[in-house]
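Engineer: build me a model from this:
(one chain, ligands or ions: 3)
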Amino acid sequence: MKNKKNTFWHLLIAACTVLALWSIGAVLIHCQTISTVKTEDEINLAGTLNRIDMIFDTVNNSLDKASHFYNGHCDEMVTSLRQLASLSPYSRSFSIVENNVIRCSSLEGNISVAVSEYFKEKQKLSLSYGPIPSSNTLVINLKRAFQQMDIIASVPGFYFYNDIAGRNNSEQLYLNINGFHLNSLGQLRAQLPERPGTRTLVQASSRYDYKLTYVLPDSYTLEQYYQSAATLFYVFAAIGPLAGIWLYNFLNRPKSLRRKLEMAIYNGEIQPWFQPQVDTSTGELIGCEVLARWISPNDGIIPPNQFIPLAEESGLIVPMTRDLMQQVKTWLLAEQQKISPGFHVSVNFSSSHILSNEIVEDCRTFLTGIPEDLIRLVVEITESEVLNDHKQINDILTQLHDLGAIIAIDDFGTGYSNLSYLQDYPLDILKVDRKFIAQLEPAIAQRHLIAGIIDISKKLELRTVVEGVETEKHVESLKMLGATWLQGFYYGKPVSASEFTRTWLNKTST
Ligand code: C2E
Ligand code: CA
Ligand code: CA
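Structural biologist: Numbers count the residues shown, from 1 in each chain. Ligands and ions are numbered 1, 2, ... in the order given. The predicted model follows:
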């Protein structure tokens, strides 16, 4: 169930990542397209500007030639000007200007028209219907000053029309002279038409007095996107799913053992199991030892020797024990009616927990809310861990005593330690390791090593729990030797809380 939930979230995160990358890609492709298309448009516009400049350059050359015919007498010049007009590319007519008055036109001969009708002050290019003087054809007039006169060349507008056509129907180019806009249909407008959804590019000629205005749609076609940013398109099309797959695999990667254990504690997979402890002479239940089990949904029941060392190394042992105690407390409170007063609840503590001082607070929390006299908390500390810091351990054990807990030395006899600590520390119970019970039988019991251990503990007024009791002979021998309490498979293996309630608590309450 949990796994399915995780898979769903991992899939969702991976899918969101793919979408996020594709969104970033879309933004980049859009920006790239804007920039590429703008550059293309600018190049396109510059090309048109260049071609129009070239038309004016040609006209300018013709004006040079026209200036050579000037002799102040229109009748004599007009034939040469007419010939020039018919031979020159673009120029339809030439007009000679003296003192701002047009005096001589290749078309009309002698005339007298004020230049101001065609050109504003200092203006060198104008649009008019002409050629000068006026007619129906739209012309562009180019005026050039020479020493004694000015000459005007009139060029029909249609020479420009082709160049100011857009690349397609949705584009418009305008030739802008003296505030008027000429389009490719030869239409003149005083103002550009307002077209929503369009953008404009403007470029001015550096040599002639005109501008070009490019009006383009403000959106881009799929083709433009593809042509401008094909590489980006393929890169993001591929990167999105690849990143999603990688992320999904990364999230689903096997967790480190530490992380697994952390999650197991968090998910309540570490559970307390209980092994009964009985009175040696009567065989009656006096308490239980709490033994951790990892109930893994994938791997089944994992015994403590496979995860306690890891929990100790990683520091997870403290939160794990705290969690176990909370579960034990909940169980005890639920079953309190079935429990005989003074019931021993033995909990195993690791040295790191004891030395962290937190043990006192954790035991206080555990005992708070449990009716007084219902249980007796037994703090089990392994022998080898008692020896290090004499003063600190003594302080802690005293505080635990003050809380009403009792102290048991676990695995006694396995630590090769100086026995004097049995006297130095405020201990209550000595738990004899199960290795001492080997070959124990009534006939040799008095000569057995375990007899000596029980003897010492009696002298020190300690009570004993002998572990690993598996046979009838063990029980008989230990009765004979006077061990206080017994624990072992002979009475019962560690079982779950519900099983313990069923097998042990229901039995004692009846
Ligand atoms: P321990 O504290 O010495 O616990 C007694 C171990 O002996 C238990 O093993 C128990 O199942 C086993 N045992 C009891 N009676 C017999 C018997 O008659 N014959 C045999 N062959 N074995 C018997 P378990 O439950 O596998 O625990 C192993 C060790 O893991 C414990 O040894 C204890 O050191 C550690 N441990 C278990 N739970 C916890 C815990 O919550 N915290 C800490 N710090 N250590 C724990
Ligand atoms: Ca123990
Ligand atoms: Ca033990």
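Engineer: use CA for all of it now, contacts and neighbours both
Structural biologist: Noted.
Engineer: how about the residues of the protein by ligand 3?
Structural biologist: Taking CA under 5 Å from the ion as the contact definition, the chain meets ligand 3 at 410-411.
Engineer: so, low pLDDT: which residues of the chain?
Structural biologist: Segments of the chain classed as low confidence (criterion: pLDDT under 70) are 1-4, 131-134, 254, 385-389, 416-418, 508-510.
Engineer: max-length helix in it?
Structural biologist: Among the elements of the chain assigned as helix by DSSP state H, the one spanning the most residues is helix 2-68.
Engineer: by contact count, what packs against it?
Structural biologist: If contacts are counted by 3 or more CA pairs under 8 Å, 6 or more residues apart in numbering; DSSP states H and E, helix 2-68 sits against helix 74-87, strand 137-145, strand 150-156, strand 198-204, strand 211-217, helix 222-251.
Engineer: okay, now the sheet partners of the second one, with direction.
Structural biologist: Taking DSSP bridges as the criterion, strand 137-145 forms sheet pairs with strand 125-130 (antiparallel), strand 150-156 (antiparallel).
Engineer: can you dump the C-alpha atoms of the last one in CSV for me?
Structural biologist: Yep, that's strand 150-156 we're talking about. Listed next in CSV are the C-alpha coordinates belonging to strand 150-156 (Å, rounded to 0.1, in the frame of the first residue of the first chain):
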residue,chain,number,x,y,z
ASP,A,150,19.3,72.8,-58.1
ILE,A,151,18.1,69.9,-60.3
ILE,A,152,15.1,67.7,-59.5
ALA,A,153,14.7,64.2,-60.9
SER,A,154,11.3,62.6,-60.8
VAL,A,155,11.1,58.8,-60.5
PRO,A,156,7.8,57.0,-61.0
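Engineer: so which of the strands paired with strand 137-145 is the most packed in?
Structural biologist: Among the strands paired with strand 137-145, ranked by average contacts under mean count of other CA atoms under 10 Å, first place goes to strand 150-156 (a mean of 25).
Engineer: picking that back up, centre of the chain to the longest helix of the chain, how far?
Structural biologist: A distance of 30 Å separates the centroid of the chain from that of helix 2-68, by CA atoms, centre = their mean, to the nearest Å.
Engineer: what angle separates that helix from strand 150-156?
Structural biologist: Using axes from the mean of the first three to the mean of the last three CA atoms, to 10 degrees, the direction of helix 2-68 lies 130 degrees away from that of strand 150-156.
Engineer: give me the angle between helix 2-68 and helix 74-87.
Structural biologist: For helix 2-68 against helix 74-87, the angle between stretch directions is 140 degrees (the same axes, to 10 degrees).
Engineer: follow the chain on from the one helix or strand Asp410 maps to and name the next helix or strand.
Structural biologist: Assigned by DSSP states H and E, Asp410 belongs to strand 406-412. From strand 406-412 onward toward the C-terminus, using DSSP H and E, the following helix or strand is helix 421-424.
Engineer: please identify the buried residues of that following helix?
Structural biologist: When burial is assessed from 16 or more other CA atoms under 10 Å, helix 421-424 yields the following buried residues: Leu422.
Engineer: give me the contact list for the following helix or strand past that helix.
Structural biologist: The helix or strand immediately downstream of helix 421-424 is strand 429-432, counting by DSSP H and E. Outside of strand 429-432, the residues that reach it under the criterion CA atoms under 8 Å, 6 or more residues apart in numbering are 406-413, 453, 457, 462-467.
Engineer: what about Gln227, how many residues nearby?
Structural biologist: By other CA atoms under 10 Å, the residues close to Gln227 number 13.
Engineer: strands of the stretch 301-450 of the chain, start to end?
Structural biologist: In order along the chain, the stretch 301-450 of the chain carries the following strands (DSSP state E, counting those that start in this stretch): 343-349, 375-382, 406-412, 429-432.
Engineer: contact partners of the first one?
Structural biologist: The set of residues that contact strand 343-349 without belonging to it, under CA under 8 Å, 6+ apart, is 286-291, 321, 374-381.
Engineer: mind checking which of those residues are buried?
Structural biologist: Neighbour-count burial (16+ other CA under 10 Å) is assigned, among the contacts of strand 343-349, to 286-291, 321, 374-381.
Engineer: tell me which of the residues you listed is nearest to Ser256?
Structural biologist: Ser256 lies nearest to Thr321 out of the buried ones among the contacts of strand 343-349, by CA to CA, at 20.9 Å.
Engineer: skipping adjacent residues, who's closest to the closest one in space?
Structural biologist: Spatial nearest neighbour of Thr321, chain neighbours left out: Phe349 (7.5 Å); criterion: CA to CA, 6 or more residues apart in numbering.
Engineer: okay, now that neighbour: neighbour count?
Structural biologist: Here the count is done by other CA under 10 Å, and Phe349 has 18 residues near it.
Engineer: so that it lines up with my notes, have the first residue be 24 from now on.
Structural biologist: Yep, numbering from 24; the last one is Phe372 now.
Engineer: show me what contacts the residue of the stretch 424-533 of the chain found nearest ligand 3?
Structural biologist: When scored by CA to the ion, the stretch 424-533 of the chain has Asp434 as its residue closest to ligand 3, at 4.3 Å. Under the criterion of CA under 8 Å, 6+ apart, the contact list for Asp434 reads 405-406, 454-457.
Engineer: how about the contacts made by the residue nearest to it when sequence neighbours are not counted?
Structural biologist: Beyond its immediate neighbours in the sequence, the residue positioned closest to Asp434 (CA to CA, 6+ apart) is Asp456, lying 4.4 Å away. For Asp456, the set of contacting residues under the criterion of CA under 8 Å, 6+ apart consists of 433-437, 489-491.
Engineer: of those, keep whichever come out buried.
Structural biologist: Using 16+ other CA under 10 Å as the threshold, 433-436, 489-491 are the buried ones among the contacts of Asp456.
Engineer: which outside residues touch stretch 340-348?
Structural biologist: Applying CA under 8 Å, 6+ apart, the contact partners of stretch 340-348 are 288, 293-295, 315, 331, 334, 372-373, 375-376, 385, 389.
Engineer: since that was my last question, I'll sign off now.
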